[in-house]
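Engineer: when you get a sec, could you give me coordinates for this:
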Amino acid sequence: MTEQKPRTRDAWLLELREVFGGRAVRWATPVGDYDGRERTLDVFNADPRDQLILLKRFSAVRAEIEASPDVAGPVVVIFHTTSETARLHRGIYITDDQIAGLAALVLDRPERLPPPPPDTSEGSWRLAIATDCHLALSPFSPILSDDANHQLRERARERLADLLRQMQDLP
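Structural biologist: Next up, the predicted model:
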C-alpha cells in the first residue's frame with residue numbers, strides 16, 4: 001500500500017470551495033506583517049449573515065488543513081462581502097452558473113456575444129471563450145502544478161468576468 005502524499009495549499013482549494021458553499025476561495029497575498037499572513041484564506045461573496053455558518057462548516061476540515069505540512073499552523077479566514085467582491089475582485093465575482101451560461105451562448109446563441117477583438121476571427125473568438133469556460137469550471141489538470149492550475153483558472157475567470165461586463169454594456 002502506497003502512502004498518500006499530504007495535500008498542498010492549492011490542492012485544498014477545491015475542497016474549500018465546497019466547504020464555503022461554492023464561493024470563490026484563495027490563499028491570500030496579504031499586505032502587511034502579521035502572524036499567519038502566509039496562512040490567510042480569502043473567502044469571497046460571503047455576506048455577514050452567512051459568515052458564522054461558513055466558519056462552522058470550515059471547522060470540520062480546519063484541523064486537517066492546519067496540520068498539513070504546506071500550511072503548518074492556524075488558518076486566518078478573511079471574508080469579503082458580495083458588494084466588496086464585486087467592487088474589488090473582478091475575476092472572482094463571476095459565478096459558475098454565469099460561466100455555464102456563457103458556454104451555452106457560444107454553442108447556441110453566438111450572435112449574443114460581443115464582436116471579436118480586431119484581427120480575431122469569429123471562430124477563434126468563440127473557441128477562446130469556450131476554452132476559458134472549460135478552464136474556469138473543470139477539475140485541475142494532473143499534468144500541471146497546483147499553482148499553475150490555480151493561475152490558469154483565475155485568469156480564465158477574469159477574462160470571462162470582463163466579457164460579461166462587455167455584454168452588459170451592449171445595447
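
Engineer: how about the strands in this structure?
Structural biologist: For the chain, applying DSSP state E gives strands covering 25-27, 40-43, 76-79.

Engineer: for this structure, longest helix please?
Structural biologist: Secondary structure of the chain per DSSP state H: the longest helix is helix 146-169.

Engineer: give the buried residues for it.
Structural biologist: 146, 149-150, 152-154, 156-161, 163-164 (16 or more other C-beta atoms under 10 Å). Bear in mind the C-beta positions are built from the backbone N, C-alpha and C, glycine included.

Engineer: so which of these is the closest to residue 31?
Structural biologist: residue 154 (18.5 Å; C-beta to C-beta).

Engineer: that closest one against residue 27, yeah?
Structural biologist: No: with contact defined as C-beta atoms under 8 Å, residue 154 and residue 27 do not form a contacting pair (11.5 Å).

Engineer: got any residues that touch both of these two?
Structural biologist: Common neighbours of residue 154 and residue 27, using C-beta atoms under 8 Å, 6 or more residues apart in numbering, do not exist here.

Engineer: may I have the longest helix of the chain exported as PDB, CA atoms only?
Structural biologist: In PDB, the C-alpha atoms belonging to helix 146-169 read as follows (Å, rounded to 0.1, in the frame of the first residue of the first chain):
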ATOM      1  CA  ASP A 146      -1.400  23.100  -8.300                       C
ATOM      2  CA  ASP A 147      -0.100  26.700  -8.600                       C
ATOM      3  CA  ALA A 148      -0.200  26.600 -12.400                       C
ATOM      4  CA  ASN A 149      -3.800  25.200 -12.300                       C
ATOM      5  CA  HIS A 150      -4.900  27.900 -10.000                       C
ATOM      6  CA  GLN A 151      -3.400  30.700 -12.100                       C
ATOM      7  CA  LEU A 152      -5.000  29.300 -15.300                       C
ATOM      8  CA  ARG A 153      -8.400  29.100 -13.600                       C
ATOM      9  CA  GLU A 154      -8.200  32.600 -12.100                       C
ATOM     10  CA  ARG A 155      -7.100  34.200 -15.400                       C
ATOM     11  CA  ALA A 156      -9.900  32.400 -17.300                       C
ATOM     12  CA  ARG A 157     -12.400  33.600 -14.700                       C
ATOM     13  CA  GLU A 158     -11.100  37.200 -15.000                       C
ATOM     14  CA  ARG A 159     -11.500  37.100 -18.800                       C
ATOM     15  CA  LEU A 160     -15.000  35.700 -18.500                       C
ATOM     16  CA  ALA A 161     -16.000  38.400 -16.000                       C
ATOM     17  CA  ASP A 162     -14.700  41.100 -18.400                       C
ATOM     18  CA  LEU A 163     -16.700  39.500 -21.200                       C
ATOM     19  CA  LEU A 164     -19.900  39.600 -19.100                       C
ATOM     20  CA  ARG A 165     -19.300  43.300 -18.300                       C
ATOM     21  CA  GLN A 166     -18.900  44.000 -22.000                       C
ATOM     22  CA  MET A 167     -22.200  42.200 -22.700                       C
ATOM     23  CA  GLN A 168     -24.000  44.200 -20.100                       C
ATOM     24  CA  ASP A 169     -22.700  47.400 -21.800                       C
END
